[in-house]
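Peer 1: predicted coordinates and the sequence they were generated for:
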Amino acid sequence: MQRAKITIIGAGNVGATCAHWAAAKELGDITLVDIVEGLPQGKGLDLAESAPIEGFDSRIVGTNDYADTANSDVVIITSGVPRKKDPVTGQFPSRDELLATNVRIVGDVTRNVAARSPNAVLIIVSNPLDAMVYVAWKVSGFPTNRVVGQAGVLDTARYRAFIADALGCSVEDITALLMGGHGDDMVPLPRYTSVAGIPLPELLPADRIEAIVDRTRKGGGEIVGLLKTGSAFYAPSAAAVQMAESIIRDKRRILPCAAYCDKEYGVGGYFVGVPCVLGWHGVEKVIEVALTNAERALFTESVEHVKTLVADTKKLIG
Ligand code: APR
């Protein structure tokens, strides 16, 4: 059987850790790309040298040359600049400055990978996610099913971890679904959260669930606050690789992803966080679940934020 080829763009914290998880799962051969010379080569070689210990046969190539990415099945895009203080001025970049920089980086990267891997599924991780998925879709010209963003798997994982902790039970027994955008824009659905089939509201009082939802919303900030010099990467990369696995192995997992919705949920042509079936063709299907009025109101608010962000992004890419 031919091995899958996975390209990961960005050999920083998220990208390199994606390579680690993907190799550990033996998902396929991995090409790690970065703009910085030596970084993907060094991390790629280091990871390859762990293979005899861990017992995986994935081949890992670190490179600055897009020719090495040709004919990838899945491309995970993590490149971009994070929101951090300028060491000289001590100032944070403005939201618009950051958006403009990452639009340029993700646009550039997408142009390079799409030309060499015209049949790939693109998984976008770079932030601001809703804008970056739009850029990757526009620049690649790929059909909507082959461009998908990672946010929901991460938020849902944080939520599941906190619930398991509160109940003192295995994380494996928590199944959950969150919709909408990342963090503040998240739409929690405790009605659709279950613990070994038992609805969550039967096991935890409403105020405990509310506190868990609130911690999940602020999950990214909690880690930034602790790390001080960077943002989360173990869970974000594990989330992206779970999506890649579902695609490469055609598992058809139902995962919350930023997927293109037109008629679905009445969104009208934007990438938003919804439950999807992820398989070999990328987003095989968007699943529409019934929402209460309150849940619908939160979802609509989240979609409105995506629309504003995409309008700003359109001005940058023309
Ligand atoms: N081409 C390739 N790589 C690039 C480019 C480019 N044009 N521009 C930047 N990079 C690389 C950087 O050199 C760096 O190695 O992207 C990498 C980003 O890594 P980190 O700064 O460590 O950031 P990380 O924590 O990995 O986050 C990456 O994922 O979760 C999101 O919000 C996060 O948008 C951020 C992204």
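Peer 2: Sure, I can see it. Numbers count the residues shown, from 1 in each chain.
Peer 1: now the helices for the protein?
Peer 2: With helices called from DSSP state H, the chain shows them at 13-24, 39-49, 51-54, 95-116, 129-140, 152-167, 206-217, 219-227, 234-248, 293-317.
Peer 1: got the angle for the first one vs helix 234-248?
Peer 2: With axes from the mean of the first three to the mean of the last three CA atoms, to 10 degrees as the criterion, the two stretches helix 13-24 and helix 234-248 enclose an angle of 50 degrees.
Peer 1: pLDDT on helix 13-24, on average?
Peer 2: Mean pLDDT, helix 13-24: 98.
Peer 1: and it, what does it pack against?
Peer 2: Counting contacts by 3 or more CB pairs under 8 Å, 6 or more residues apart in numbering; DSSP states H and E, helix 13-24 packs against strand 5-9, strand 29-33, helix 39-49, helix 51-54, helix 234-248. C-beta: built from backbone N, CA, C; applies to glycine.
Peer 1: contact partners of the second one?
Peer 2: Which is strand 29-33. With CB atoms under 8 Å, 6 or more residues apart in numbering as the test, strand 29-33 has contacts from 3-11, 15-16, 19, 22-23, 40, 43-44, 58-66, 68-69, 72.
Peer 1: how about the last one?
Peer 2: Here helix 234-248 makes contact (CB under 8 Å, 6+ apart) with 4, 6, 13-15, 17-18, 20-22, 25, 27-28, 73-74, 76, 78, 121, 123, 125, 148, 150, 153-154, 157-158, 251-253, 255, 257, 278-280, 282.
Peer 1: so which of these reach the ligand?
Peer 2: Restricting the contacts of helix 234-248 to those within reach of the ligand (CB under 6 Å from any ligand atom) leaves 13, 14, 15, 78, 125.
Peer 1: using PyMOL, define a selection of the buried residues within the contacts of helix 234-248.
Peer 2: Isolation of the buried members of these (16 or more other CB atoms under 10 Å) is achieved in PyMOL through the command below:
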select buried, resi 4+6+13+14+15+17+18+20+21+22+25+27+28+73+74+76+78+121+123+125+148+150+153+154+157+158+253+255+257+278+279+282
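Peer 1: how about the nearest residue to residue 175, chain neighbours excluded?
Peer 2: Leaving aside its sequence neighbours, residue 175 sits nearest to residue 194 (CB to CB, 6 or more residues apart in numbering; 5.4 Å).
Peer 1: burial of that neighbour, as a residue count?
Peer 2: As a burial measure, residue 194 scores 18 neighbours (other CB atoms under 10 Å).
Peer 1: same check on the one 4 residues further on?
Peer 2: Residue 198 is surrounded by 11 other residues when neighbours are defined as other CB under 10 Å.
Peer 1: before we move on, what about residue 114?
Peer 2: Residue 114, neighbours per other CB under 10 Å, totals 19.
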